[in-house]
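> Fold the following and give me the result.
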Amino acid sequence: MKTRRLPGFEKAMAWLNGPPENRSGLSIRKMAAAADVSYVTMWKALRQRDHRAGLAARDSAPPAAASVPASRRLKQRIEADLLQGRIPRAGAMPQIKDLCRRYQAGYRTVRAALESLRRDDLLRREGLHYSIDLETPSKSSLKIAVLAVVPHYMSPTDPVALVAEYDQDFMRNLELSSGAAQVGMELLGYRHERGNLAVFDAQQKRHRTLSAEYAGYIVLMPILEAVGEDLFTQLHTTGKPVAIIDEIGGWELPAYAARSKRFLVVNARPYENAGIEVGRALMSLGHRRCAYFSTFHADLWSRQCLKGLSDVFSTAGDDCIVVPHLIEGSQVMSQPSQWSRLEKTFNALRAKYQHARSTLSRAFVRQLNPYFDQQLAQQLVYANVRDQLEPLLAKARADASITCWIAADVDTAWFTNDYLEEHGRRASLVTFGWSPEVTRSRIAAYDFNSSAAVRATLDFLLYPRRRLPEQEGVNLRIRGTMVYRESLKAA
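Take a look at the predicted model:
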């Protein structure tokens with residue numbers, strides 16, 4: 001029986017599938033001669049074999065993690081710099097050659113990243129130049145509402161009482177930014193009364209309901225004890241975007257609110273990260289033994305501060321330590337059990353004032369009424385904090401090995417600075433957050449970058465469909481910076 005001769009290509013493939021030692025070290029021409037086929041036929045067979053081998057390797061290999069293109073990574077970095085204010089949000093973008101040097105990237109990568117930002121409507125292009133389109137356009141017909149929790153000891157109809165000193169920097173930036181965008185802003189207070197949510201208009205001094213008349217809502221300091229399910233329910237039913245300014249932590253959005261994609265949790269004060277940054281700064285200055293003061297250590301944010309600090313110091317050696325000076329109190333003064341300690345003093349002082357009003361002129365009464373109505377209550381709270389803090393400060397002053405005092409909050413820093421000046425104690429002082437007293441006293445602080453939180457919040461309320469840089473689901477974390485001032489010196 002005569003053997004059927006294979007066609008040239010199949011003959012070359014059959015020879016290539018034979019024993020590998022027969023073709024070891026052979027050129028294509030010698031392999032073609034050995035297989036009795038033409039050079040071109042053997043070349044095609046080799047290409048086909050290599051192609052099949054590649055497909056087999058791809059199908060059998062485990063799926064590899066998708067690599068992110070360099071232009072996309074660069075786009076994310078530029079977005080983050082725009083959000084954090086490291087690149088001005090108005091005017092022309094830096095030239096491409098400057099961006100290449102800044103980000104250590106090639107021309108094509110930078111150009112691709114800018115084009116992607118342009119497609120997302122974050123940049124405009126005119127010829128070869130790009131300009132930034134993040135400034136909020138004029139929205140003079142829109143209003144946003146700012147909701148702030150009202151403690152039990154404060155009147156819900158006084159706008160001064162709605163925003164604690166802790167939030168002044170955020171509110172100042174919010175007023176400036178919304179004013180520049182011609183967006184109206186109304187300040188509302190909320191708290192639970194007899195088990196129900198009550199909302200008050202601070203300007204018009206009347207009760208309000210949460211409705212769709214606002215373009216969006218900003219909720220300040222949602223303290224766990226003050227935020228109930230009914231607040232989220234009413235905000236959800238408005239159908240408007242809601243930005244939660246999280247300064248406390250330890251809670252989560254209800255599932256239905258998170259699914260709606262109309263809620264954004266702005267982690268405006270990531271305390272553990274701030275504690276790590278402050279700890280590193282102190283270590284770099286030579287501080288090895290520090291005191292940490294907190295009169296509100298029952299709150300999660302205080303524990304997060306101490307954890308971040310302790311993590312840094314614990315890895316630096318046995319002689320490095322943060323000594324806690326703590327009171328397990330809470331910043332929530334709306335609970336009657338906490339306010340009752342001060343209420344007797346408050347009532348006695350106010351009664352003396354009411355008795356003396358008849359002897360005072362109208363100008364005196366007009367000037368003093370707000371003080372006895374609101375500020376007296378707040379000052380009593382401050383006095384209570386200072387009173388509890390004094391023994392802790394005295395204990396730390398007796399320890400000469402402590403070179404730096406760390407205040408958990410701006411009020412504690414204010415009182416601590418007074419104590420250091422009064423007793424002539426030489427120690428560095430640093431705190432978390434900003435207040436007028438901290439700035440005037442030149443106290444070193446970790447700046448939580450409230451201006452970036454404000455920009456992100458307004459961007460979300462006015463463009464709720466636009467994903468913000470560094471946003472993960474319903475969460476957005478704001479980065480801050482360490483501010484060195486005269487109170488912080490090398491050990």
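> so F296 makes contact with Q304?
No. Assessed by Cβ atoms under 8 Å, F296 is found out of contact with Q304, at 12.0 Å. Using the backbone N, CA and C atoms, a C-beta is placed for each residue, glycine as well.
> What is the neighbour count of P94?
Number of residues near P94 (other Cβ atoms under 10 Å) recorded here: 15.
> For my notes, confirm it occurs in a helix.
No. Using DSSP: H, G, I helix; E, B strand; the rest coil, the secondary structure at P94 is coil, not a helix.
> helix or strand right after the helix or strand hosting V430?
Element membership for V430, per DSSP states H and E: strand 428-432. Sequence order places helix 436-440 as the next helix or strand after strand 428-432, per DSSP H and E.
> Contacts for that next one, please.
Contacts with helix 436-440, where a contact means Cβ atoms under 8 Å, 6 or more residues apart in numbering, come from E165, Q168, V410, A413, W414, N417, T431, I443, A445.
> next one: stretch 212-221
Residues contacting stretch 212-221 (Cβ under 8 Å, 6+ apart): 139, 142-149, 163-164, 166-167, 170, 174, 183, 186, 210, 227, 231, 235, 238-245, 247-248, 457, 460-462, 464.
> what about 6 Å?
142-148, 167, 235, 238-245, 247, 457, 461 (Cβ atoms under 6 Å, 6 or more residues apart in numbering).
> Write the PyMOL selection for whichever of the residues you listed are buried.
To isolate the buried ones among these in PyMOL, judged by 16 or more other Cβ atoms under 10 Å, type:
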select buried, resi 142+144+145+146+147+148+167+235+238+240+241+242+243+244+245+247+457+461
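> So which of the contacts of stretch 212-221 sit within strands?
K143, I144, A145, V146, L147, A148, V242, A243, I244, I245 (DSSP state E).
> on that earlier part again, out of the contacts of helix 436-440, list just those in strands.
Among the contacts of helix 436-440, the members falling in strands (DSSP E) are T431, A445.
> Sort out which one of the contacts of helix 436-440 lies nearest E486 for me.
I443 (8.3 Å; Cβ to Cβ).
> Quick check: the gap between the residue nearest to the closest one when sequence neighbours are not counted and A274.
Once flanking residues are discounted, I443 sits nearest to S487: 4.6 Å by Cβ to Cβ, 6 or more residues apart in numbering. Applying Cβ to Cβ, to the nearest Å, the value for S487 to A274 is 17 Å.
> for stretch 86-100, which positions count as buried?
Neighbour count says stretch 86-100 has I87, M93, I96, L99, C100 buried, by 16+ other Cβ under 10 Å.
> Any idea how far apart the tips of it sit?
End-to-end distance of stretch 86-100 (Cα to Cα, to the nearest Å): 16 Å.
> now swap in stretch 308-319 and tell me
End-to-end distance (Cα to Cα), stretch 308-319: 18 Å.
> residues making contact with that stretch?
Defining contact as Cβ under 6 Å, 6+ apart, one finds that stretch 308-319 is touched by E272, G275, I276, G279, R280, M283, R288, C320, I321, V322.
> Okay, buried residues for it please.
Here stretch 308-319 shows G308, L309, S310, V312, F313 as buried, counting by 16+ other Cβ under 10 Å.
> Could you check which of S487 and A274 has the larger neighbour count?
With neighbours defined as other Cβ under 10 Å, S487 and A274 compare such that A274 has more, 25 against 22.
> now the angle between strand 428-432 and the helix or strand where that one lies, please.
Using DSSP H and E, A274 sits within helix 271-284. Taking axes from the mean of the first three to the mean of the last three Cα atoms, to 10 degrees, one finds helix 271-284 and strand 428-432 inclined to each other by 160 degrees.
> helix/strand/coil for E186?
Using three-state DSSP, the structure places E186 in strand.
> again, but for V323
V323 is classified as strand under three-state DSSP.
> Pairing-wise in the sheet, spell out the partners of it.
A291 (DSSP bridges).
> So what's the residue count around it?
V323: 16 neighbours (other Cβ under 10 Å).
> Kindly report the same for R440.
Neighbours around R440, by other Cβ under 10 Å: 10.
> And G184, how far from S178?
G184 sits at a distance of 8 Å from S178 (criterion: Cβ to Cβ).
> Kindly apply the preceding question to D319 instead.
Taking Cβ to Cβ, one finds D319 at 50 Å from S178.
> Please apply the same query to R73.
According to Cβ to Cβ, R73 and S178 sit 33 Å apart.
> cool, and V323?
For V323 relative to S178 (Cβ to Cβ), the value is 43 Å.
> What's the end-to-end length of stretch 13-32?
End-to-end distance (Cα to Cα), stretch 13-32: 11 Å.
> and that stretch, what's its mean pLDDT?
Averaging pLDDT along stretch 13-32 yields 71.
> Run a quick check on A258 versus V474, I expect a contact.
Yes. Look at A258 against V474 with Cβ atoms under 6 Å: they come within range, at 5.0 Å.
> hang on, the earlier thing: please give me every residue in contact with the residue nearest to I443.
Shown in contact with S487 (Cβ under 6 Å, 6+ apart): L429, I443, A444.
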